[in-house]
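K.L.:
here are the coordinates; sequence isn't available:
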């Protein structure tokens, strides 16, 4: 564990945890064994990070979020307050399946998951995608897609900076331009 991370005294850090340089872990958090947290992350109050979870650099995880085993967050992912991840599609208290049967979820670079959103396991959330507050993700999400509702449905495209794109696929805030490549959105700077 890094000595240059800030960890509040009320938080519990289990054995064999890696915490990156400049990461801040606030009140009442639990980081379970073998979890890896990158550099310069902010882990808000009352966050639970399960065993073997991998979190990239620059992630912001707001208060009351639980990230269960089987979830991986790439760099610069934002998890809004009280958003939820799952790792079992058919859980039963009486018939536990064991961690070898957890279903994996990947949240790619720069994605945002809004407050109180639920991510059902087994799906990929594409880079720079935006999941609206309270949405329920039940399928894969494309890069730059804006997903809203229950279940979440495609509602437009967002820029890397987070603003909704105009019909011309240009960001009116930062002026980045995008184009369609088949059914997928690509940033012109990625060409």
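P.N.:
Perfect, thanks for sending it. Keep in mind that this is a model prediction, so the values were computed, not measured. Numbering: from 1, shown residues only.

K.L.:
And the helix or strand where residue 179 lies, what's buried?
P.N.:
Using DSSP states H and E, residue 179 maps to strand 178-181. Judged by neighbour count using 16 or more other C-beta atoms under 10 Å, the buried positions of strand 178-181 are residue 178. Where C-beta positions appear, they are placed from N, C-alpha and C, glycine not excepted.

K.L.:
average pLDDT for that strand?
P.N.:
The pLDDT scores in strand 178-181 average 96.

K.L.:
Now do that strand: which elements does it pack against?
P.N.:
Applying 3 or more C-beta pairs under 8 Å, 6 or more residues apart in numbering; DSSP states H and E, we find strand 178-181 packed against strand 184-187.

K.L.:
Report the strands that pair with the strand it packs on, each with its relative direction.
P.N.:
Sheet pairing of strand 184-187 (DSSP bridges) gives strand 178-181 (antiparallel).

K.L.:
Could you pull out the helices in this protein for me?
P.N.:
Read by DSSP state H, the chain holds no helices at all.

K.L.:
The closest residue to residue 176 other than its chain neighbours: neighbouring residues, count only.
P.N.:
Spatial nearest neighbour of residue 176, excluding adjacent residues (C-beta to C-beta, 6 or more residues apart in numbering): residue 159 at 5.5 Å. Residue neighbour count, defined by other C-beta atoms under 10 Å, stands at 24 for residue 159.

K.L.:
residues contacting residue 159?
P.N.:
Residue 159 makes contacts with 128, 144, 165, 171, 173-174, 176, 178, as judged by C-beta atoms under 8 Å, 6 or more residues apart in numbering.

K.L.:
Kindly report the same for residue 110.
P.N.:
74-77, 127-128, 160.

K.L.:
Look up how far residue 160 lies from the residue lying closest to it once chain neighbours are set aside.
P.N.:
The shortest distance from residue 110 to any non-neighbouring residue, by C-beta to C-beta, 6+ apart, is to residue 128 (4.2 Å). Separation of residue 128 from residue 160 (C-beta to C-beta, to the nearest Å) stands at 5 Å.

K.L.:
which of those two has more neighbours?
P.N.:
It is residue 128, of residue 128 and residue 160, that has more neighbours when counted by other C-beta under 10 Å, with 22 against 18.

K.L.:
shaky segments in this structure?
P.N.:
Of all residues in the chain, those with pLDDT under 70 make up the ranges 1-3, 190-191.

K.L.:
that older thread, most neighbours, which of the contacts of residue 110?
P.N.:
When the contacts of residue 110 are compared by neighbour count (other C-beta under 10 Å), residue 77 ends up highest, at 25 neighbours.

K.L.:
For that one, give me its contacts.
P.N.:
By C-beta under 8 Å, 6+ apart, residue 77 lies in contact with 55-56, 59-60, 107-113.

K.L.:
could you redo the last one with a cut-off of 7 Å?
P.N.:
Residue 77 makes contacts with 56, 59, 107, 111, as judged by C-beta atoms under 7 Å, 6 or more residues apart in numbering.
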